[in-house]
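A.B. asks: Predicted model and sequence follow; I will ask about them next.
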Amino acid sequence: MGLPDFLPILIIGLYFLGTGFYVLGSALRNERIKVMALFLGGIGFALHALDLAHQVAGADAAVALTSGRFLFCLLGFGILLIFLLLWWRLKMRFLAVVALPLALVFYATADATSGIKASLPPMLSGLFFLLHIGTLFSSMALLAMGAGAGLAFMHLEKRIKTKTGLKKFQQDMPALDTFDKVNHWVIIAGFPLYTIGLVSGFVWAWLSAKRVFSFDPKEILALVMLGLYAYLFHQRLVYGWRGRKPAVMVICVFLLTVLSMLGINFLVPTTFHGFKP
Amino acid sequence: MDKNIYLVGLNHRSASVDVREKFALTSVADFEKSLLAACPLREVMALSTCNRVEILVVADSARCQDMDISEAVLSHWAETCKGPLDVLRTHTYKNQGLDAVSHLFCVAASLDSMIMGEPQILGQLKKSYRKAVETGTARVIINRLLHKSFSVAKRVRTETAIASSAVSISYAAVELAKKIFGELGGKTAMLVGAGEMAELAATHLLASGIDKLFICNRTYARAQELAKTMHGEAVFFEDMVERLKGVDIVISSTGSPTAIIRAKDIREVLKKRRNRAMFFIDIAVPRDIDPDVNSLDNVYLYDIDDLKEVVEENMSARQGEAVKARAIVDLETDAFATWMKSLALQPTITDLLGRAEDVAQRELAKTLKRLGPVDEETREALEVLVHSVSRKLLHEPICFLKRRTREEGTAERFIDVTRRIFNLDSDPVNPDAHLDRRTSEEDEPLECECCRDPEQESQDASTHTEHQ
């Protein structure tokens, strides 16, 4: 049974309204508007899951899984999933302000890339997909949440340090320590996932093309990111980095991820990770 | 309305502390009884705290039309306190009718308090009301008025942010600690030196759930003494910096002329505690903690001036919320005026018959739906049946109410009870309902309005409510 044609527009609309209402609710400090925003976002998430399931279960699943649409769709879904986990475990509902717009951006990008396919069909078998795409996207979703928590941390910390405008903070805004805890989990869980994702990519490249590294721009950037991530992981675990420094670094790594995902995949014609019509 | 409400009082704005001391009522119950005996009043309730005295009376308009009730109350008050009447007169305010109602609502909602939004006054008002009920001087109108004032206070607290932020230095420090650490369970604090404000902040921290409190003083015996009372652990002054590695919150208030905690010490401490955040509260003047400490990553330092600024910011926010609170008070005052009018017999009979008619119509509609198609004759018979049952059922209660109105002083009580039994005013059930029937054993010790203790205040507010 096919899904209605208007489903993507409906999901984009729900994410858009959810984002708008959540920002509005936060600005007006109105709990009802925020709850309504989360409700709309929740419906969007459910439909998003349905859309993904439909793509996976469809007759041309093998083709669908290599499409840019599916990959961006999955990334947006992963971000919301990680947000729900953080909300559940760390009461970080506040991060909806980051998760909803990112889900909107990635889902809208997915919809815009309909008909565009990643040029890696031979490599994308089930195991590789799980190892490479699944782990990388999970770590990216974690980074997205970490970047949101990092921005909030820096903003709140600046207010506390400079002793200005503390009253303007909402009662339900988490404490500095909670934001730092998100950073901790993003690094602890995200770095191994990112490493697995990258290593699996190199292994697969060796198996399929007898070549580990191709000096592809995306691969170079991925290695830079891995280096930064490893440094962050080391400093946080060994030297007990906390607070501002890891928050800034997570934001940097996330921005590099966005650059890698959107910039290189779309704009660099030489990369074999790119999306081509 | 044939009953009139008067409120005479003085507060921290209208009278200085010596006047308030002079005219404070030492035995409120005796005053209420004697006032009731001295003046032709129906109901009396007095509230006396160190910041205010409020005397609320209800009188029959007809009986007292030639009498200045407020003046009579003032005379009796001056006589009771053995103070000069003219001094009392110049420092008191007099409210009548809905102004009195509105004033009482403002007092209960803490809009008239010295520190706006502090809820101690509500507990004191509840206590005074309970005493008046026990004395037998509070009846229908004061019962209703006080219950309403408790619900207004609750509405103001829940619908506005009037009490949401700290307005005392010690509590502001605890709120800041929560912004840094979230829940304070599992955290440790150290009190360096012993000042009253620092001790108060430490008490708030303990109440907020910190795990351990270290107490450090140049005089170790004093540290031990404080540790005993605050269930903490005494620390030698020389060991202070070393012990800081296990401490998350430091409250310092020594009399040292120079800084006793320096940035370079804290840099070392941070390394040892793997950069876990630290919050320093410096209440001492001159300051105990080097201001450069605040520039270290994961360290936050607030001195007394910083905390004062936070408090002032919160105070101005409360002023903004007071506008919303006053709108609630105005609405509730109008609702009370409507209730006062309904205390006459005729509106009650009309409401009662209207309610019966409603019920009859609803039940008839249900029955007809269940029966399916019925002929016109049956339908009419059913209509007559339900209407006559409802009217006949109410006939005796209405006759009873009519008989009571011919008796002196009992009508409003029965009318009020009738309105409550049949819920003619469609009131939601107030958690303070039947407060007048609470036993005194359930009383919690109440603090004075001026002895603000924000930790206790929330407990007070909740413990002084009762569910129906």
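C.D. replies: Alright, I've got the coordinates.
A.B. asks: tell me which element the closest residue to residue A:151 other than its chain neighbours falls in.
C.D. replies: Leaving aside its chain neighbours, residue A:151 sits nearest to residue A:251 (6.6 Å; criterion: C-beta to C-beta, 6 or more residues apart in numbering or on different chains). Bear in mind the C-beta positions are built from the backbone N, C-alpha and C, glycine included. Taking DSSP states H and E as the criterion, residue A:251 maps to helix A:244-258.
A.B. asks: any idea of the mean pLDDT for that helix?
C.D. replies: The predicted model assigns helix A:244-258 a mean pLDDT of 91.
A.B. asks: Report all helices and strands that it contacts.
C.D. replies: Applying 3 or more C-beta pairs under 8 Å, 6 or more residues apart in numbering or on different chains; DSSP states H and E, we find helix A:244-258 packed against helix A:135-162, helix A:176-209, helix A:217-238.
A.B. asks: Touching, residue A:71 and residue A:132? I think so.
C.D. replies: No: counting by C-beta atoms under 8 Å, residue A:71 stays clear of residue A:132, with 11.0 Å between them.
A.B. asks: what residue ranges in chain A score low on pLDDT?
C.D. replies: A:1-3, A:27-29, A:59-66, A:112-130, A:165-172, A:265-277 (pLDDT under 70).
A.B. asks: Just want the residue of it that's nearest chain B.
C.D. replies: Of all residues in chain A, residue A:240 sits closest to chain B, at 2.9 Å by C-beta to the nearest C-beta.
A.B. asks: ok, back up a step: pull out the buried positions in the helix holding residue A:251.
C.D. replies: Burial within helix A:244-258, assessed by neighbour count using 16 or more other C-beta atoms under 10 Å in any protein chain shown, is assigned to A:244-247, A:249-251, A:253-254, A:256-257.
A.B. asks: What lies in contact with that helix?
C.D. replies: A:140, A:143-144, A:146-147, A:149-151, A:153-154, A:157, A:179-180, A:183, A:186-187, A:221, A:224-225, A:228-229, A:231-232, A:235-236, B:297-298 (C-beta atoms under 8 Å, 6 or more residues apart in numbering or on different chains).
A.B. asks: Then stretch B:248-261?
C.D. replies: Here stretch B:248-261 makes contact (C-beta under 8 Å, 6+ apart) with B:173, B:177, B:181, B:184, B:187-195, B:197-198, B:201-202, B:205, B:210, B:217-218, B:240-241, B:244, B:276-284, B:286-290, B:293.
A.B. asks: Buried ones among those?
C.D. replies: B:173, B:177, B:181, B:184, B:187-195, B:197-198, B:201-202, B:205, B:210, B:217-218, B:240, B:244, B:276-284, B:287-290, B:293.
A.B. asks: Just to be sure, which of these are found in helices?
C.D. replies: Secondary structure from DSSP state H places B:173, B:177, B:181, B:197-198, B:201-202, B:205, B:240 of those in helices.
A.B. asks: Any chance of these in JSON lines with pLDDT and distance to chain A as columns?
C.D. replies: What follows is those, written out as JSON lines (pLDDT from 0 to 100; distance: C-beta to the nearest C-beta, whole Å):
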{"residue": "B:173", "pLDDT": "84", "distance to chain A": "12"}
{"residue": "B:177", "pLDDT": "90", "distance to chain A": "9"}
{"residue": "B:181", "pLDDT": "91", "distance to chain A": "5"}
{"residue": "B:197", "pLDDT": "73", "distance to chain A": "18"}
{"residue": "B:198", "pLDDT": "76", "distance to chain A": "19"}
{"residue": "B:201", "pLDDT": "80", "distance to chain A": "17"}
{"residue": "B:202", "pLDDT": "83", "distance to chain A": "20"}
{"residue": "B:205", "pLDDT": "85", "distance to chain A": "15"}
{"residue": "B:240", "pLDDT": "92", "distance to chain A": "23"}
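A.B. asks: tell me the centre residue of the chain?
C.D. replies: By default, I'm working from chain A. What sits nearest the mean C-alpha location of chain A, by C-alpha atoms, centre = their mean, is residue A:141, with 2.7 Å.
A.B. asks: wait, I meant chain B there
C.D. replies: Taking C-alpha atoms, centre = their mean, chain B has its central residue at residue B:122, 2.7 Å away.
A.B. asks: On the three-state scheme, the residue nearest to it when sequence neighbours are not counted is what?
C.D. replies: Using C-beta to C-beta, 6+ apart and skipping the chain neighbours, the partner closest in space to residue B:122 is residue B:153 (5.0 Å). Assigned by DSSP: H, G, I helix; E, B strand; the rest coil, the conformation of residue B:153 is helix.
A.B. asks: mind listing what's buried in stretch B:352-361?
C.D. replies: B:352, B:355-356, B:360.
A.B. asks: Same check on stretch B:13-28?
C.D. replies: Using 16+ other C-beta under 10 Å as the test for burial, stretch B:13-28 gives B:15, B:19-20, B:22-23, B:25, B:28.
A.B. asks: From residue A:90, how far off is the residue in the stretch 251-400 of chain B that chain A sits nearest to?
C.D. replies: Chain A sits closest to residue B:274 of the stretch 251-400 of chain B, with a gap of 2.9 Å, by C-beta to the nearest C-beta. Here the criterion is C-beta to C-beta, to the nearest Å. By it, residue B:274 lies 20 Å from residue A:90.
A.B. asks: So which of the two has more stuff around it?
C.D. replies: The neighbour comparison of residue B:274 against residue A:90 (other C-beta atoms under 10 Å in any protein chain shown) goes to residue A:90, with 19 against 13.
A.B. asks: Surely that one is in contact with residue A:179?
C.D. replies: No: using C-beta under 8 Å, residue A:90 is not in contact with residue A:179; the gap is 9.3 Å.
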